[in-house]
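J.: take this sequence and fold it.
(one chain, ligands or ions: 2)
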Amino acid sequence: MAMWDGLWVNARLATMVPGGDAYGAIDEGAIAVMGGRIVWVGPKREVPGPPGALARHVHDARGGWITPGLIDPHTHLVYGGDRAQEFEMRLEGATYEQIARAGGGILATVRATRAADDDTLFASASARLANLMAEGLTTVEIKSGYGLDLETELRMLRVARRLGDAYPVTVRTTFLGAHALPPDYAGRSGEYIDYVAETVLPEAHRLGLVDAVDCFCERIGFSAAETDRLFTAARALGLPVKLHAEQLSDQGGAALAARHGALSADHLEWLNEDGVRAMAAAGTVAVLLPGAFYVLRETRVPPIDLLRRHGVAIALASDCNPGSSPVMSLLLILSMACTLFRLTPAEALAGVTREAARALGLQATHGTLEVGKVADFVTWDIGRPAELAYHIGLNPRRQVVRAGEIVAA
Ligand code: DI6
Ligand code: FE
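T.: Residues are numbered from 1 along each chain as shown. Ligands and ions are numbered 1, 2, ... in the order given. Predicted coordinates:
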């Protein structure tokens, strides 16, 4: 038998494989990697020989917990400037929608992003990504959507791809050209959607820059009909879709997304039971964004019990963006998901591993500790997995392995 590249012993494994206990836990476990993939995982007593004879490198996990690498399935990580001033305006009584309708909000960041050069966008996104990676992030989704013109949307997507080339993290890009209506299309949202669907998206796709397509379906975004127009174009190109849906109102977005076989519908504070049923039937993942709920001081919690009852997979994400969720910590998101949305710690951890992988269409290769999957995993100095959602401001990460290589220790 060929020698394994590495074997971790004396580990407590949270495999996140469903069917057993909530974490798929293996108490005295071991995990082996070869060629960047997991080749063995199980109880230490079943390791098929002396560790030193099986693997070129044997690592003692010293009783630490090992989870799959963390996955953030919804970020707007690349952007120019910041919106701290709007944070102050909201504290003085302005609402998120009022600021957006007055030409601020997303459009303020569009102006800053168009004005920033690629290196500036790369540098500021790198700092935000570094924070997420320090907590064990190994896969991240990054959206466009602060360009709203061909040149800048392409620049954003190229910067996102460049982040994946520069750092030990898997980047999945999402085209969000339909994030807001740019001023030069004021009052002409239908024409803008046509421009996005017929010009910007096809070119971004031709350049290999797009892994999925998203839209902001909301009163201050685009209608369900406009979303449907864009999603029809996306699927004609063979691209999967996902949707910012029911964040501030019920536009029927989640049900529409499900009809398009969407990977996910995201936010969902205003999701109704028809939308839940449609998502369940389509296998569309619910990506919950407690950071935006917290920052905007929302009061309507997504229908967690309906999602559970109908068997809709629940994922979590930072929604890292300069307006509604300037959050660069998945561990804080775990805490918010449990405290604000009443998820269990096991549901929350599944939300940034197994179900986050599903929200990106990566469930065949990522998100659990199983033979054949990419060897992305994190060792933690914790006594029980619930500590990952319990502590606030403490980062118990000890070691990060990405594609079988130790990338942080
Ligand atoms: N919903 C959100 O919460 C973010 N985008 C969206 O469609 C907000 C983005 C921003 O405020 O810059
Ligand atoms: Fe978002």
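
J.: which parts of the stretch 101-250 of the chain sit against ligand 1?
T.: 105-106, 109, 179, 216, 244, 247 (CB under 6 Å from any ligand atom). Every residue, glycine included, has its C-beta placed from N, CA and C.

J.: can you name the two of these that are farthest apart?
T.: Pairwise distances across those (CB to CB) peak at 16.8 Å, for the pair 109 and 247.

J.: looking at the two now, which is surrounded by more residues?
T.: residue 247 (28 against 24; other CB atoms under 10 Å).

J.: for residue 371, list the residues it contacts.
T.: Going by CB atoms under 8 Å, 6 or more residues apart in numbering, residue 371 touches 38-41.

J.: what of residue 35?
T.: Taking CB under 8 Å, 6+ apart, we find residue 35 in contact with 5, 404.

J.: related to what we said a few turns ago, would CSV of the residues of the stretch 101-250 of the chain next to ligand 1 with pLDDT be doable?
T.: Formatted as CSV, those follow (pLDDT from 0 to 100):
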residue, pLDDT
105, 94
106, 95
109, 98
179, 97
216, 98
244, 98
247, 97
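
J.: export those to a markdown table and tack on secondary structure?
T.: Output for those, formatted as a markdown table (DSSP: H, G, I helix; E, B strand; the rest coil):
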| residue | secondary structure |
| --- | --- |
| 105 | coil |
| 106 | helix |
| 109 | helix |
| 179 | coil |
| 216 | strand |
| 244 | strand |
| 247 | coil |
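
J.: which one (most neighbours) among those residues?
T.: Across these, neighbour numbers were computed from other CB under 10 Å; residue 244 holds the maximum, 30 neighbours.

J.: how close does the nearest residue to that residue once chain neighbours are set aside get to residue 105?
T.: The spatially closest residue to residue 244, leaving aside those adjacent along the chain, is residue 216, at 4.5 Å (CB to CB, 6 or more residues apart in numbering). Going from residue 216 to residue 105 by CB to CB, to the nearest Å gives 11 Å.

J.: which neighbours do these two share?
T.: In contact with both residue 216 and residue 105: residue 180, using CB under 8 Å, 6+ apart.

J.: once you drop chain neighbours, what's closest to whichever residue of the stretch 251-400 of the chain sits closest to ligand 1?
T.: Across the stretch 251-400 of the chain, no residue is closer to ligand 1 than residue 323, which sits at 2.3 Å (CB to the nearest ligand atom). Using CB to CB, 6+ apart and skipping residues adjacent in sequence, the residue nearest residue 323 is residue 83, 4.9 Å away.

J.: contacts only, for the residue nearest to residue 244.
T.: 145, 176, 178-180, 222, 244.

J.: can you check residue 40 too?
T.: Residue 40 neighbours (CB under 8 Å, 6+ apart): 4, 7, 30-32, 47-48, 371.

J.: what residues does the stretch 301-409 of the chain put near ligand 1?
T.: Taking CB under 6 Å from any ligand atom as the contact definition, the stretch 301-409 of the chain meets ligand 1 at 319, 321-324.

J.: lowest-pLDDT helix or strand in the chain?
T.: Within the chain, confidence by mean pLDDT, DSSP states H and E is lowest for helix 96-101 among all helices and strands, at a mean of 89.

J.: so which elements touch that helix?
T.: Here helix 96-101 touches helix 84-91, going by 3 or more CB pairs under 8 Å, 6 or more residues apart in numbering; DSSP states H and E.

J.: may I see the buried residues of the helix it packs on?
T.: By neighbour count with 16 or more other CB atoms under 10 Å, helix 84-91 contains the buried residues 86, 89-90.

J.: so which elements touch that helix?
T.: Counting contacts by 3+ CB pairs under 8 Å, 6+ apart, helix 84-91 is packed against helix 96-101.

J.: got the CA positions of the helix it packs on in CSV?
T.: Output of helix 96-101 as CSV, limited to C-alpha atoms (Å, rounded to 0.1, in the frame of the first residue of the first chain):
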residue,chain,number,x,y,z
TYR,A,96,-31.2,51.2,5.6
GLU,A,97,-33.9,51.7,3.0
GLN,A,98,-34.0,55.5,3.4
ILE,A,99,-30.2,55.7,2.9
ALA,A,100,-30.4,53.5,-0.2
ARG,A,101,-33.3,55.5,-1.7
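
J.: in that helix, what's buried?
T.: 96, 99-100.

J.: in JSON lines: the residues you listed, plus distance to ligand 1.
T.: Compiled in JSON lines, these are given as follows (distance: CB to the nearest ligand atom, whole Å):
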{"residue": "96", "distance to ligand 1": "7"}
{"residue": "99", "distance to ligand 1": "9"}
{"residue": "100", "distance to ligand 1": "8"}
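
J.: let me know the closest of these to residue 393.
T.: For these, the nearest to residue 393 is residue 96 (26.0 Å; CB to CB).

J.: that closest one touches residue 296, doesn't it?
T.: Yes. Taking contacts as CB atoms under 8 Å, residue 96 lies within contact range of residue 296: 5.4 Å.
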